[in-house]
Structure formats: structure tokens, C-alpha cells
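In: Requesting a structural model of the entry that follows:
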Amino acid sequence: MLRSLFTRAAVPAVCAGLLWGALPAHAQTPGHARPVSSADWADRATAAYRALQDHLYEGSDQHGLYLEHTPRQASDREHSYLWPFREAAQAAVDMQDLPRTGPSYRKDAAERFATAELYHASGERPGYASYLPAPLGTGGDIYYDDNAVVALSQLDQYEATGNRVLLKRAEQVVPVVSRAWDDDPAKACPGGMDWYDSPNNTIRATNVTALSAQLAARLYEHTRNRTYLAKAEQWYGWVYSCMRKAPGLYVNDRGDDGSTNETLWTYNSGAMVGTATALYRGTGDTRYLDKAVADARGSLAYWTEGDRLHEQPAIFNSFYFKDLLDLDAVRPDPAFLGAMSAYADNTYRSNRDAATGLFRFQPSNGGDYDPQAPAATLNQSAMVQIFATLADATHHGHRPHQGDLPS
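Out: Purely as a prediction, here's the structure:
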């Protein structure tokens, strides 16, 4: 997914040093989060989702796809890449959990998962392609992180609906991401997963490996298939032993040349918390719970310092906060919801264009409001997910953990 931030869906560079006074009037009041009710979070989610659909959804006559940006940029393809589409689908999934109005989004969510299959490429090495295969597009590489998160959304929707077709699709992704495992003994710290399916791949990435471990761990909860448990433990173990810089902080990737990319991202922190939490739920092994708690507390201490959360891509923060709340369901800690609420409220006040309801960020997909930047399906979907999750989490003070199925 990382390539979407800097390469695949890059936007023209604009002034990164905007003064606070250049923000719209509604965004000029800094400060900490105010108390926000579940109803208000739901209203914000509804408005953000409406803006997503009004400005970025292309409609049923365009196969139910989305634009990458609005306004469309010169470098944009006809439709969005897979990753932004996945986040729009996840936004619809999360909207189903809104108190009172959630059921009205079931049709949208079902349509998103039907449309997602347009990105699936068959052949000897099948998987969800980064861009639409023929006849709608020219296709693209199979990025293993994209495949893992598509399957995680399929699992979320299965848990929301009980539709076993989605469980089966999520299971079918496991052989895809398993192709990425690279245990060449000649490489430093053998193991880990290639970023994408190509002889040109030169890195083993934390995001692919941790997200795939999270997928396998959650599948084990549903199926009790011990093959999934073995994969989850192997993949989680590699990231924990080879990529952990400090509690909750995991470096981005290892190069085949022996180099290490030390960049830190919130969603890598989150994926390891989420995987350990799922492994604890699935096995009852308290060692995984202890690791999840240590990583959650360590990462939160780091990411809430200064502007670190603000500068992270909004979509990475969405992943991170959901994983913290997943842990919160089994080991409550009010700091998790507090950090998420503070980030969400500040971003609502600082990065939202009140005239359109669209959120605008720096070209990095995080940071300060940039009036020259296009709004993006990726970022708009992130804010929908965050607001909808908060509406659910603050409703009667309870958020069901991942793995719950409708009765």
C-alpha cells in the first residue's frame, strides 16, 4: 500500500508550509478533543460518507467504482486503484454499525464487495490486482498488502452479515499471500513477505507480513483450521523478532541487500497489536495478550507525542485505532478511545472543507489542511471509518470485538 502514498497515486507537490491562518475559518481553533457524543460521531460519519458518494463515487453506470481524486488529476487513471476502493468498501462496512441508521447501508456494502471482484486477476498466480484487469483496465501488479487488507474487509463483512461467500473469499487470499514468504537463508533474518509479486521485488515488508498474520489469526478464530494458526504464528513471529525497534514500533522493511528501512507507520504498530489480540482470542495464550498490551502502550506513548499522529496518513491511523479498540474489547484501556477521539475531533475541525464535507491533507495523505490538494477516496474513506467506528464505540460504551457474528 505504501506506494500509493508516494508513487502510484502521487499528487503534484504543493506548498507544504501552509500557515495556520491559511486554513478555512472552521479549522483555525487548535486544541484538545472536546466530548463528542455517539450521535455526533454518527452525524459526522454520515456527512463524510455522503460527501464520498457525492464527489468520488462514479455510480452504477461506471460499474460501482470510485475516482482516485476530485478534481481528477492529470496522472489519475480512469478509476481508482484497488487500495482506495478497498477503503471505500470498508467505509460502507463500518457504516453498517451506526446506531439506528446502520441497516440502511447494507445494500451499499454488499455492492462494494461485488464490485471488488472486478479487480481480481485469474491465471497461474491469481490475486487482486492493483488496477482493474481487462476489460475495464490494463491490470497491475499483485501487491500482497492489498490482498491481505481486501481479505480483512471480507472477514469484517462476513462478521457483519454471516455471508459465508465472504469467508471463503478471505480464505482464498491465504494461498496468495503465502506466495510472498521468503525464507532464503542467504538473506539477513530469513523469512518475511515480499511486497509484491514480481522478480523485481527487493524488499520484505512489515505491513505485508503483519497484515497477513492478522488475516490468518482471524481466520483461525472462525475455522479452527490449524494451518491458519501455524501461518499466523510464523508470520507474526518474524515481524516481532526481526522488525521490532521498540515496544509497538516496527521498522518498515528489509532489503535483499541487507539494508533496513527504519520508517515507522501507525498501521504497522496496529497490525501487530491486532494480530496478537486475535492470537490471544483464538488460543487463550496470555503471552499474546501481554505482547499486544505492551505494543499498544508503547506505540501510543510514541504516536501521541507532539504532531506524530497528525502527520501520519489518515488511513494508517484508521487501521491503528481500530486495532487498539480490538484490544480494548479484551483488555480495556480508556487511553485507546481517548487518543482516537482526540485525533478524530481535531482532524474534523482542521482538515474538513465545510462547503463540501471533503477532507484535504498534504500530499503525504496526512498533516495540515491543504486547500490546493485534491480530495481523495483514500482519505475520505479513512475519516468515514474513524467516525463510524467512534459512533459505535461510544454507543452505550461498548464496541464488539472482531470475531463477533450476528446472532
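In: for the helix or strand where residue 288 lies, packing partners?
Out: Per DSSP states H and E: residue 288 is located in helix 286-303. Packing partners of helix 286-303 (3 or more CB pairs under 8 Å, 6 or more residues apart in numbering; DSSP states H and E): strand 249-250, helix 266-283, helix 314-328, helix 334-351. Heads up, the C-betas are built off the backbone N, CA and C, glycines and all.
In: Would you mark the buried spots in it?
Out: Buried positions in helix 286-303, judged by neighbour count with 16 or more other CB atoms under 10 Å: 288-289, 291-293, 295-300, 302-303.
In: Also stretch 210-230?
Out: 210-222, 228-229.
In: can you give me the helices for this protein?
Out: Along the chain, counting by DSSP state H, helices occupy 2-3, 38-55, 82-95, 106-116, 144-161, 164-178, 206-223, 226-242, 266-283, 286-303, 308-311, 314-328, 334-351, 377-393.
In: Select, out of the helices and strands packed on helix 286-303, the one closest to residue 259.
Out: Nearest to residue 259 among those is strand 249-250; the distance by CB to CB comes to 16.0 Å.
In: Which one of the helices and strands packed on helix 286-303 lies nearest to residue 66?
Out: helix 314-328 (14.0 Å).
In: pull the CA atoms of the closest one into CSV?
Out: Output in CSV follows, covering the C-alpha atoms of helix 314-328 (Å, rounded to 0.1, in the frame of the first residue of the first chain):
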residue,chain,number,x,y,z
ALA,A,314,-5.2,9.3,7.9
ILE,A,315,-5.8,5.8,6.6
PHE,A,316,-2.9,4.4,8.5
ASN,A,317,-4.4,6.0,11.7
SER,A,318,-7.7,4.3,10.9
PHE,A,319,-6.1,0.9,10.9
TYR,A,320,-4.2,1.7,14.1
PHE,A,321,-7.1,2.9,16.1
LYS,A,322,-9.3,0.0,15.1
ASP,A,323,-6.6,-2.4,16.3
LEU,A,324,-6.3,-0.6,19.6
LEU,A,325,-10.1,-0.8,20.1
ASP,A,326,-10.0,-4.5,19.2
LEU,A,327,-7.6,-4.9,22.1
ASP,A,328,-9.7,-2.7,24.3
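In: ok so, going back, would you list the buried residues of helix 286-303 in TSV and tack on distance to residue 188 and pLDDT?
Out: Formatted as TSV, the buried residues of helix 286-303 follow (distance: CB to CB, whole Å; pLDDT from 0 to 100):
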residue	distance to residue 188	pLDDT
288	26	98
289	30	98
291	23	98
292	27	98
293	29	98
295	23	98
296	28	98
297	29	98
298	24	98
299	25	98
300	30	98
302	25	98
303	28	98
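In: which one of those is nearest residue 378?
Out: residue 303 (19.7 Å).
In: that older thread, the helices of the chain into TSV, with extra columns for distance to residue 137?
Out: Formatted as TSV, these follow (distance: least, CB to CB, whole Å):
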stretch	distance to residue 137
helix 2-3	17
helix 38-55	21
helix 82-95	10
helix 106-116	13
helix 144-161	15
helix 164-178	19
helix 206-223	23
helix 226-242	31
helix 266-283	26
helix 286-303	36
helix 308-311	33
helix 314-328	22
helix 334-351	31
helix 377-393	16
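In: what about this structure, any weak spots by pLDDT?
Out: 1-33, 397-407 (pLDDT under 70).
In: Any idea how far stretch 377-387 is from the middle of the chain?
Out: For stretch 377-387, the separation from the chain centroid amounts to 10 Å (computed by CA atoms, centre = their mean, to the nearest Å).
In: Could you do stretch 302-314 as well?
Out: The answer for stretch 302-314 is 16 Å, by CA atoms, centre = their mean.
In: got the buried residues for it?
Out: Neighbour-count burial for stretch 302-314 [16+ other CB under 10 Å]: 302-303, 309-310, 312-314.
In: ok so, going back, closest to residue 337 among the buried residues of helix 286-303?
Out: residue 300 (11.2 Å).
In: In this structure that closest one contacts residue 321, no?
Out: No. If you go by CB atoms under 8 Å, residue 300 and residue 321 don't touch, sitting 10.1 Å apart.
In: Overlap in contacts, those two.
Out: Each of 336, 339 lies in contact with both residue 300 and residue 321 under the rule CB atoms under 8 Å, 6 or more residues apart in numbering.
In: one step back: farthest-separated two in the buried residues of stretch 210-230?
Out: Largest pairwise distance in those, by CB to CB, is 19.4 Å, between 210 and 222.
In: thinking again about what came up before, would TSV of the buried residues of stretch 302-314 with distance to residue 354 be doable?
Out: Below are those laid out as TSV (distance: CB to CB, whole Å):
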residue	distance to residue 354
302	32
303	28
309	23
310	19
312	24
313	22
314	18
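In: which among these gets closest to residue 83?
Out: Nearest member of the buried residues of stretch 302-314 to residue 83, counting by CB to CB, is residue 313, at 11.3 Å.
In: if you skip the residues just before and after it, what's nearest to the closest one?
Out: Excluding its sequence neighbours, the residue lying closest to residue 313 (CB to CB, 6 or more residues apart in numbering) is residue 365, at 3.9 Å.
In: Tell me how many other residues crowd the one you found.
Out: The tally of other residues near residue 365 (other CB atoms under 10 Å) stands at 21.
In: for the helices and strands packed on helix 286-303, which one sits closest to residue 65?
Out: Between those, helix 314-328 lies closest to residue 65; by CB to CB that is 18.4 Å.
In: What count of nearby residues applies to residue 326?
Out: Residues near residue 326, counting by other CB under 10 Å: 25.
In: From residue 177, how far out is it?
Out: From residue 326 over to residue 177 the distance is 20 Å, taken as CB to CB, to the nearest Å.
In: Identify the bridge partners of residue 249.
Out: Taking DSSP bridges as the rule, residue 249 bridges to residue 246.
In: how long is stretch 156-173 from one end to the other?
Out: 14 Å (CA to CA, to the nearest Å).
In: If you could redo that for stretch 362-380, that was the one I meant.
Out: End to end - CA to CA - stretch 362-380 spans 13 Å.
In: Buried residues in that stretch, which are they?
Out: Buried, per 16+ other CB under 10 Å, within stretch 362-380: 362-363, 365-370, 373-380.
In: Stretch 93-107 too?
Out: Neighbour counts using 16+ other CB under 10 Å place 93-98, 102, 105-106 of stretch 93-107 among the buried residues.
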